[in-house]
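Colleague: with the sequence up front, the predicted model follows.
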Amino acid sequence: MQTDNLELKKLVYLYLMNYAKSQPDMAIMAVNTFVKDCEDPNPLIRALAVRTMGCIRVDKITEYLCEPLRKCLKDEDPYVRKTAAVCVAKLHDINAQLVEDQGFLDTLKDLISDSNPMVVANAVAALSEIAESHPSSNLLDLNPQSINKLLTALNECTEWGQIFILDCLANYMPKDDREAQSICERVTPRLSHANSAVVLSAVKVLMKFMEMLSKDLDYYGTLLKKLAPPLVTLLSAEPELQYVALRNINLIVQKRPEILKHEMKVFFVKYNDPIYVKLEKLDIMIRLASQANIAQVLAELKEYATEVDVDFVRKAVRAIGRCAIKVEQSAERCVSTLLDLIQTKVNYVVQEAIVVIKDIFRKYPNKYESVIATLCENLDSLDEPEARAAMIWIVGEYAERIDNADELLESFLEGFHDESTQVQLQLLTAIVKLFLKKPTETQELVQQVLSLATQDSDNPDLRDRGYIYWRLLSTDPVAAKEVVLAEKPLISEETDLIEPTLLDELICHIGTLASVYHKPPGAFVEGGRGVVHKSLPPRTGSSESAESPDTAPAGVPAADQPSVIPTQGDLLGDLLNLDLGPPVSGPPVATSSVQMGAVDLLGGGLDSLMGDESEGLRSDVGGSPAMGGGSGGFAPAPGTAVPSNTGAPLGSGLGDLFDLTGGVGTLSGSYVAPKTVWLPAMKAKGLEISGTFSRQVGSISMDLVLTNKALQVMSDFAIQFNRNSFGLAPAAPLQVHAPLAPNQSVEISLPLNTVGSVMKMDPLNNLQVAVKNNIDVFYFSTLYPLHILFVEDGKMERQMFLATWKDIPNENETQFQIKDCSLNADSVSSKLQGSNIFTIAKRNVEGQDMLYQSLKLTNGIWVLAELRIQPSNPSFTDLELSLKCRAPEVSQYVYQAYETILKN
């Protein structure tokens, strides 16, 4: 320890710190060296000694440390003083009484006036730390003079020093708005700091002191403008930092939506954002939605509803419903968007849509009930309790408008005991409503449900509700009518806003864990040590922001405020998508004037096909719901420019284009690749697995050959898949009927379904498999060909094909070449149809055969294709393939499927 070598001394001191706890008696012998080193001419050694003393947490030693520490606190070198300041906090943690008796706290307070900014920052940090453990002691007795010193030091100390000082400033209460404004002016430059923690600490100070500024001040408006750019900049960091920033922004937007009201675009989701960032951005988008930007928001949300991530899709559908409830002017568009999504028939999308439409009915009664018929069509596909409950509520609430309401409710009643409580309660109420509206027809039904709820159920809530209804109906039917069919209060805009006093407290904790959890520190810090309840200063000037959203109207019990946002816990399901034509905004164009000019709808394929010769078109174009409905005729999708006719050669209308009589082959069964070895015997203790995938008449199977190349018998086989992009999972157990003897093989066809858990894989068609037998568990991964996921109903209607091709943005179009394929158009068409790639139209343009094709994946994603073949030129055997899809990441794999099918 007596060495003069600084590096060696550091190591010895480090050793001491680690072992002093277990050998306290030996550690005391080092005290003399510390005392001596605290007077060494080298400031680094003095600082090292005082730092080490603070880290040796042995009671017997602490009293010997007081003298050296006192000297170091008044040392002429700032490096030693800043180290000593932190040491006081450490000593206070070991023995608080000793620190107070020795007067160290007063010395620390004097250091706040030190000339060196780093010493000031460390003194503030030490005092804050001590004050947190002793909330009653008024250690940081801040006054305008000391605040001025802190603000001066703020510009010159390190980033962590700045954070300590800013956090300290946030606890100060200015005496008037002028002082608050001057502090804000001096803190504002910190907003452009590179460290995000400094930025958030500065935002916290400004958000707090803004409470004291009058809204009529020019400076207040300037400050609002200055707060937006730093918050936006935080969103260009890596995802984890983005998430913390977004959680903080979520609080800021609830408190002052005007700060970010023009920054909607930065919250649009990027395709490569992790799910936790996507969901958080979505939340903020809804909070910022207003009449000015609602069109933009809805267009984004509709796009999100066709994503591949199930949780995200569900939340996007909910978000559309929240927009309708928040911005009344947009309700109509939201409802039509939701109906489009229901038409996609993607199960979990339909269920989410029904849940939010129920909320829209609550907000706008007697406005959108015309859609009930569409909802009833989807009754059979509902399997989630929340969606079933929502549908039952709708049927009960509007029973008088639904002719077969009693049949619908009776169908739910059959499996009453298997339903979740939520559904049982809704069903009970709905049938009672139905009885009060149509008493003669539903007498039996209501008796049945009351006896199920009261006699056969062991759920106390359900029994109580059943008895109340029973007594109401038997004693006073008029009163029952008034109670059960009473006018419902309208639901509020935002049911998930944080309660105002909690929000004010969380604003005071911006940049800490509390702001990420959205809980006050007391809720997650154990022992309550150092948890001080903070609140914003009282508001001066005008009343609360006109733009801040209303809370729930008085008189709405909490239970009736639907949770318009799902928690992440209930967001399960499989993959996604819904690629249908666009809802056409604006009035549809009259049929007689269908003029698309030379719109190159199919990337060079349908040039000017529909010029003035629209006769062939009129008979064809119905008003399919995705095309603007009833009146028939194309209307350009929103924002599509329709160029005038440029006089390219005209076909004879759509009749000719869709003339498919020419040789589409009969169904020949999907192409099956030869089996390959997936798991070699040497990697699996003698078990060799080879296999392939096939699709026959709508069912997918994994065809396996298991070979035992070991010396012992194998038995007890089982198989499991990891989560994958399309939810592939075994539909039945792996059945190997007899034990597998050495050198024996067995062929098995394992049926698969696509209702497993979903997680986007890289590459997209990667499948990770675990196979277990009596010897061990073995893992392997394989790539499945995408064409096993092409479904049999993938043939799109012709008009729908045109509209969808046009509606999918051009950047989603990908071009590929299939080399050395010398088939003609008819053989290509028939080969592809065998694998569920359907030809919708065939044309010949300048000697090239053009095939327009569609296919649909098991998760509902549509892919549209244009295939060019040159039959007139036998030496040119390359085919050109253009693919368009709302989820462009699948295009590469669809192309591989094309190539595999056509070349085999």
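Modeller: Arrived safely.
Colleague: direction included, what does the host helix or strand of residue 703 pair up with?
Modeller: Per DSSP states H and E, residue 703 falls inside strand 699-708. The sheet places strand 699-708 alongside strand 687-696 (antiparallel), strand 745-753 (antiparallel), with pairing taken from DSSP bridges.
Colleague: so what's the residue most central in space within the chain closest to, chain neighbours aside?
Modeller: Central residue of the chain (Cα atoms, centre = their mean): residue 279, 2.5 Å from the mean position. Nearest non-adjacent residue to residue 279, counting by Cβ to Cβ, 6 or more residues apart in numbering: residue 315, 5.6 Å away. In this view, the C-beta of every residue, glycine as well, is placed from N, C-alpha and C.
Colleague: what number of residues lie near that neighbour?
Modeller: 25 (other Cβ atoms under 10 Å).
Colleague: in the stretch 151-300 of the chain, which spans are strands?
Modeller: Assigned by DSSP state E, counting those that start in this stretch, the stretch 151-300 of the chain shows no strands.
Colleague: re earlier: of all the strands paired with strand 699-708, which one is nearest residue 359?
Modeller: Proximity to residue 359, assessed across those by Cβ to Cβ, is greatest for strand 745-753 (32.2 Å).
Colleague: which residues does residue 6 contact?
Modeller: Counting by Cβ atoms under 8 Å, 6 or more residues apart in numbering, residue 6 makes contact with 42, 44, 45, 48.
Colleague: and those, which are buried?
Modeller: Buried members of the contacts of residue 6, scored by 16 or more other Cβ atoms under 10 Å, are 45, 48.
Colleague: quick one: which of the contacts of residue 6 sit in strands?
Modeller: If you go by DSSP state E, the contacts of residue 6 have nothing in strands.
Colleague: can I get the contacts of residue 6 in JSON lines with pLDDT and distance to residue 241?
Modeller: Below are the contacts of residue 6 laid out as JSON lines (pLDDT from 0 to 100; distance: Cβ to Cβ, whole Å):
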{"residue": "42", "pLDDT": "86", "distance to residue 241": "40"}
{"residue": "44", "pLDDT": "88", "distance to residue 241": "34"}
{"residue": "45", "pLDDT": "86", "distance to residue 241": "39"}
{"residue": "48", "pLDDT": "87", "distance to residue 241": "34"}
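Colleague: let's have the contacts of residue 6 in a markdown table, adding distance to residue 780.
Modeller: Below are these laid out as a markdown table (distance: Cβ to Cβ, whole Å):
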| residue | distance to residue 780 |
| --- | --- |
| 42 | 63 |
| 44 | 58 |
| 45 | 61 |
| 48 | 56 |
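Colleague: inside helices: which ones of the contacts of residue 6?
Modeller: 44, 45, 48 (DSSP state H).
Colleague: nearest residue to residue 483 in space, please, no chain neighbours.
Modeller: Per Cβ to Cβ, 6+ apart, closest to residue 483 is residue 472, 6.4 Å.
Colleague: enumerate the positions of the one helix or strand the one you found maps to that are buried.
Modeller: If you go by DSSP H and E, residue 472 is part of helix 460-475. Buried residues in helix 460-475, counting neighbours by 16+ other Cβ under 10 Å, are found at 462, 465, 466, 469, 470, 472, 473.
Colleague: wait, isn't the third one in contact with residue 429?
Modeller: No. Using Cβ atoms under 8 Å, residue 466 is not in contact with residue 429, being 10.2 Å away.
Colleague: state the pLDDT value of residue 794.
Modeller: Residue 794 is assigned 90 on the pLDDT scale.
Colleague: could you find the closest non-adjacent residue to it?
Modeller: Leaving out its chain neighbours, the residue that sits closest to residue 794 by Cβ to Cβ, 6+ apart is residue 856, at 3.7 Å.
Colleague: residue 756 too?
Modeller: Nearest residue to residue 756, sequence neighbours excluded (Cβ to Cβ, 6+ apart): residue 729, at 2.9 Å.
Colleague: now do the contacts for the residue lying closest to residue 85 once chain neighbours are set aside.
Modeller: Leaving aside its sequence neighbours, residue 85 sits nearest to residue 122 (Cβ to Cβ, 6+ apart; 4.2 Å). The contact partners of residue 122, taken as Cβ under 8 Å, 6+ apart, are 82, 83, 85, 86, 111, 161, 164.
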